[in-house]
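Peer 1: Fold the following for me, if possible:
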Amino acid sequence: MSKAPPKKNDAVDLLDADHIAVKKLFQQFGKLADAKAPAQKRKALADEICHALTVHATIEEEIFYPAARAELHDDALMDEATVEHAGAKELISQIEGMEADEPLFDAKVIVLGEQIDHHVKEEREEMFPKARASGMDLVGLKEQLAARKQELVAQTDAEAAA
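Peer 2: Numbering: from 1, shown residues only. Coordinates of the predicted model:
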């Protein structure tokens, strides 16, 4: 059994914690879909997934990706990640505009999960190791990411309450 790398409490750890959390949500959704759970339960969980991914994509795009692009000098890697985000956002938009009892709802959430799995694998295996090996200030970036994430969550909560 291989040991997990030690936590560095940096931007990569913050982003990967999001990856782990959303993976668990997708697993829960898969169980609900398999069990033909009530539409309102599946819709609520899908909305939670979409919200988490939207916040995560926003902080990556606004803060992490520009820093990584400047430091890593790997335009192909960064371009691919950006296109993957665009594809995910398109599916998120479709899912958010649907009711869970509509045809293809479950399939769209499941496919979104598969796309996110692929994206996370590339970040974990390529982007994050390169970021850690670079001169990026990953601890400083973590603080920026966490602050922006908190802002976005508060903004979304305020909108939901209104």
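
Peer 1: And the closest residue to Asp18 other than its chain neighbours, which helix or strand is it part of?
Peer 2: Leaving aside its sequence neighbours, Asp18 sits nearest to His56 (Cβ to Cβ, 6 or more residues apart in numbering; 4.6 Å). Every C-beta, even on glycine, is put in place using the N, C-alpha and C of the backbone. Assigned by DSSP states H and E, His56 belongs to helix 39-59.

Peer 1: Tell me the buried residues in that helix?
Peer 2: Applying a neighbour-count criterion of 16 or more other Cβ atoms under 10 Å, one finds 42-43, 45-46, 49-51, 53-59 buried in helix 39-59.

Peer 1: Show me the contact partners of the next helix or strand after it.
Peer 2: Counting by DSSP H and E, the next helix or strand C-terminal to helix 39-59 is helix 65-72. Applying Cβ atoms under 8 Å, 6 or more residues apart in numbering, the contact partners of helix 65-72 are Asp75, Met78, Ala81, Thr82, Met127, Lys130, Ala131, Ser134, Gly135, Met136, Leu141.

Peer 1: Could I get the contacting residues of Lys138?
Peer 2: If you look again at residue 138, you'll see it is Leu, not Lys. Lys8, Asp10, Ala11, Val12, Ala131, Arg132.

Peer 1: brain fart, His118
Peer 2: By Cβ under 8 Å, 6+ apart, the contact list for His118 reads Glu84.

Peer 1: likewise Asn9?
Peer 2: With contact taken as Cβ under 8 Å, 6+ apart, Asn9 is in contact with Val139, Lys142.

Peer 1: quick one: what helix or strand has it in it?
Peer 2: Using DSSP H and E, Asn9 falls within no helix or strand.

Peer 1: what's the distance between it and Ala39?
Peer 2: Separation of Asn9 from Ala39 (Cβ to Cβ, to the nearest Å): 40 Å.

Peer 1: State the pair within the contacts of Leu138 that is farthest apart.
Peer 2: The largest distance within the contacts of Leu138, taken as Cβ to Cβ, falls between Lys8 and Ala131 and amounts to 10.9 Å.

Peer 1: ok, these two, which is more surrounded?
Peer 2: Legend: neighbour count by other Cβ atoms under 10 Å for Lys8 and Ala131, higher for Ala131 (22 against 12).
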